[in-house]
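J.: sharing a model that was predicted from the sequence below.
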Amino acid sequence: MRTSRFALALMICLATPSFVFAAAKKDTKKRELPDCEKLQVDGSSLSAEENEFLFSIQKSLMTAETLGFALGNDTVLGDFYAQRKGKEFNTDVMKLKDYAKQQSMNRLMDHDFDEANAALGQALKERKLAQDGYDILSCRVGAIGSNSTNAYNMYATSYLKGLQEKRDSMRGQVGYFDVTVNDCTISKSIDTGNRYTTVKPDPDARYLTVNATFKNTDNEGRLPLEGSLFISEDGKDYKFDTTESVMSEGYGIRLRSLNPLIKLTTKIVYKVPNELSGDVYWKPGRNAEDKKLWCTHLPAA
């Protein structure tokens, strides 16, 4: 489990050199949350310069804390959630937690968490705040948990909307078929449970498996095709149109025609090189409109 940069800063990085949060030591108590009802969370007790700095890191902080919590990392927001156990907690944040259970979404959220965390860590490394500044930031993080829209939980709502759009783009009408990407997973090998059909690891590549459902919406039998995978990196698309032959039930299509309104759920496996990373799209075959369905985010190997 990873710790967010902000949580780490709360533990060890304050303006007074001699002051160290007890939570920095393994055998000490968990970090304590400030009493937000007694704080001027609007920052009116801070200088204009301090308020400007807090605003400059606000998006990175709220994004890192929201996604870190959704992904199950050690975050200050998680501490507030534990403190409010049994009480209402931001439903958008909890929906993000559900999205994180799906590997295709988890990969994207993890990538965005890392980016926000890195930006936050750099900002906090370059400038230290006094105790009251950190307390105010902590309470602003706590405000993410509110179901009432505020300046701090709006990032969670906006991010959820983007994920839902990604989720919607995982389904579409492609030729004669209603096609749904159920999930996209990444692995070093393909374990079919049978040593004769298991695909062994390749030190230079990974396997990206598209779990997809085809439904024939025509009035006669039609043959679905596996199609191609696209990885977008630095503005360039890399196309993979050769699939792995996994000779096991539940994999591939193998020229099986589907009768009207019949569904086929199968796994289509592509080998992708370790040096690529970026957003992944899948274009099913027999696709006159060149429609691509979003798949996942491929992290750096």
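T.: Great, that's in hand.
J.: work out for me the element the residue at minimal distance from the centre of the chain sits within.
T.: The C-alpha lying nearest the average C-alpha coordinate of the chain belongs to residue 109 (C-alpha atoms, centre = their mean; 1.5 Å). Using DSSP states H and E, residue 109 maps to helix 103-126.
J.: circling back: isn't the residue nearest to the centre of the chain up against residue 97?
T.: No. Taking contacts as C-beta atoms under 8 Å, residue 109 lies outside contact range of residue 97: 10.0 Å. For every residue, glycine as well, the C-beta is placed using N, CA and C.
J.: what helix or strand is the residue lying farthest from the centre of the chain on?
T.: Within the chain, residue 220 marks the point farthest from the mean C-alpha position, 39.7 Å out by C-alpha atoms, centre = their mean. Assigned by DSSP H and E, residue 220 falls within no helix or strand.
J.: do I have it right that it meets residue 260?
T.: Yes. Between residue 220 and residue 260 there is a contact at 6.3 Å, judged by C-beta under 8 Å.
J.: next one: the nearest residue to residue 271 once chain neighbours are set aside from residue 276, what distance?
T.: Among residues not flanking residue 271 along the chain, residue 205 sits closest, at 4.9 Å (C-beta to C-beta, 6 or more residues apart in numbering). Between residue 205 and residue 276 the distance, using C-beta to C-beta, to the nearest Å, works out to 10 Å.
J.: before we move on, what about residue 194?
T.: Residue 194 sits 29 Å away from residue 276, going by C-beta to C-beta.
J.: the helices in the chain, which residues?
T.: 5-12, 48-56, 58-70, 76-83, 91-99, 103-126, 131-142, 154-168 (DSSP state H).
J.: do you know how far the residue lying closest to residue 247 once chain neighbours are set aside is from residue 300?
T.: Nearest residue to residue 247 in three dimensions, chain neighbours excluded: residue 197, at 4.9 Å (C-beta to C-beta, 6+ apart). The gap separating residue 197 from residue 300 is 29 Å, by C-beta to C-beta.
J.: repeat that for residue 265.
T.: Distance from residue 265 to residue 300, by C-beta to C-beta: 30 Å.
J.: swap in residue 90?
T.: Computed as C-beta to C-beta, the residue 90 to residue 300 distance reads 31 Å.
J.: looking at the two, which is more packed in?
T.: Legend: neighbour count by other C-beta atoms under 10 Å for residue 90 and residue 300, higher for residue 90 (24 against 10).
J.: what's the neighbour count on the closest residue to that one other than its chain neighbours?
T.: Nearest non-adjacent residue to residue 90, counting by C-beta to C-beta, 6+ apart: residue 145, 5.1 Å away. Using other C-beta under 10 Å, residue 145 has 22 neighbouring residues.
J.: do the one 10 residues further on as well
T.: For residue 155, the neighbour count with other C-beta under 10 Å is 22.
J.: any figure for the gap between it and residue 130?
T.: Counting by C-beta to C-beta - residue 155 and residue 130 are separated by 25 Å.
J.: isn't residue 36 up against residue 142?
T.: Yes. Look at residue 36 against residue 142 with C-beta under 8 Å: they come within range, at 5.8 Å.
J.: and those two? Which one has more around it.
T.: Higher neighbour count among residue 36 and residue 142: residue 142, with 22 against 16, using other C-beta under 10 Å.
J.: check what pLDDT that one gets.
T.: Residue 142 carries a pLDDT score of 96 in this model.
J.: so it touches residue 78, yeah?
T.: No. Between residue 142 and residue 78 there is no contact under C-beta under 8 Å: 10.9 Å.
J.: using CSV, write out every CA atom in the helix holding residue 109.
T.: Extracted as CSV, the C-alpha positions of helix 103-126 are listed here (Å, rounded to 0.1, in the frame of the first residue of the first chain):
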residue,chain,number,x,y,z
GLN,A,103,-8.7,-3.4,-13.7
SER,A,104,-9.2,-1.3,-16.8
MET,A,105,-10.3,1.7,-14.8
ASN,A,106,-7.9,0.9,-12.0
ARG,A,107,-5.0,1.3,-14.3
LEU,A,108,-6.1,4.8,-15.5
MET,A,109,-6.9,5.9,-12.0
ASP,A,110,-3.5,4.7,-10.8
HIS,A,111,-1.8,6.6,-13.5
ASP,A,112,-3.7,9.8,-12.8
PHE,A,113,-3.0,9.4,-9.0
ASP,A,114,0.7,9.1,-9.7
GLU,A,115,0.7,12.2,-11.8
ALA,A,116,-1.2,14.3,-9.2
ASN,A,117,0.9,12.8,-6.4
ALA,A,118,4.2,13.7,-8.2
ALA,A,119,3.1,17.3,-8.8
LEU,A,120,2.0,17.6,-5.2
GLY,A,121,5.2,16.1,-3.8
GLN,A,122,7.3,18.5,-5.9
ALA,A,123,5.4,21.5,-4.7
LEU,A,124,5.6,20.4,-1.0
LYS,A,125,9.3,19.7,-1.4
GLU,A,126,10.0,23.2,-2.6
